[in-house]
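S.K.: give me a 3D structure for the following:
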Amino acid sequence: MSRIGKRPLKLTQGVEVNFKERLLSVKGPKGELELRAHPAIELIIDTENISVLPSDLSAPMTPMLGTTRALISNMIHGVTEGFQKQLNLVGVGYKAVVNQKKLVLNLGYSHSINYTLPEGIKATVNANTKILLESSDKQLLGQVSAEIQKFRPPEPYKGKGILFEGVKIKRKAGKSGKT
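M.R.: Next up is the predicted model:
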């Protein structure tokens, strides 16, 4: 069995967990998330712990145990504290504005880009070039931030584009003249 999958998950204060008909729902102060459990996985829930076990001990299900435990751990962290990602706009004239549930991006194109934020994502813009995305769902947050970055991916020559906070792009040297 997976070493990580063997460890029980501790439930924090204010988190409600329900498991009915292979559907796990986790509810907390920041929202509610659901997960459909794999048929080869069994969840044992008591007042303060969640244990992930294989339903059939003879079948090798170690990858599914660790994956399921990690997903449940992310759900618990998401509904209690939430997840954040910061995107930096690097380039002359690049800016962003939030209008209700739309993110309006000016990225050097002849037109502005209107990106509709999905349900469960909250965006704030600081200093016109820093976008802070917040959500209780880690997978949705990563997907939305990747979709936004696709509008102007970072390029290695001038360092312009939409960059994740803390990620450094490897810069390349430009063309060198004849010697």
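S.K.: flag the shaky bits of this structure, pLDDT-wise.
M.R.: When residues are selected by pLDDT under 70, those of the chain lie in 1-2, 58-62, 177-179.
S.K.: just give me the residue right at the centre of it.
M.R.: Note on the chain: the residue nearest the mean C-alpha position is residue 138, at 3.0 Å, using Cα atoms, centre = their mean.
S.K.: which residues are in contact with it?
M.R.: 74, 77, 78, 83 (Cβ atoms under 8 Å, 6 or more residues apart in numbering). (C-beta placed from N, C-alpha, C; glycine too.)
S.K.: now it: phi and psi?
M.R.: Main-chain torsions, residue 138, degrees, to the nearest 10: phi -60, psi -40.
S.K.: assumed residue 158 was part of a strand.
M.R.: No: assignment of residue 158 by DSSP: H, G, I helix; E, B strand; the rest coil gives coil, placing it outside any strand.
S.K.: distance of it relative to residue 169?
M.R.: Distance of residue 158 to residue 169, given as Cβ to Cβ, to the nearest Å: 10 Å.
S.K.: which strands border the strand ranked longest in the chain, and is each parallel or antiparallel?
M.R.: Ranked by residue count and defined by DSSP state E, the top strand of the chain is strand 83-90. Using DSSP bridges, the strands paired with strand 83-90 are strand 130-135 (antiparallel), strand 161-164 (antiparallel).
S.K.: now do the next helix or strand after that strand: which elements does it pack against?
M.R.: Following strand 83-90 in sequence order, the next helix or strand is strand 95-99 (DSSP states H and E). Applying 3 or more Cβ pairs under 8 Å, 6 or more residues apart in numbering; DSSP states H and E, we find strand 95-99 packed against strand 102-106, strand 122-126.
S.K.: break down this structure into its strands, ranges please.
M.R.: Using DSSP E, strands in the chain cover 9-10, 16-20, 23-28, 31-36, 41-45, 49-54, 83-90, 95-99, 102-106, 113-116, 122-126, 130-135, 161-164.
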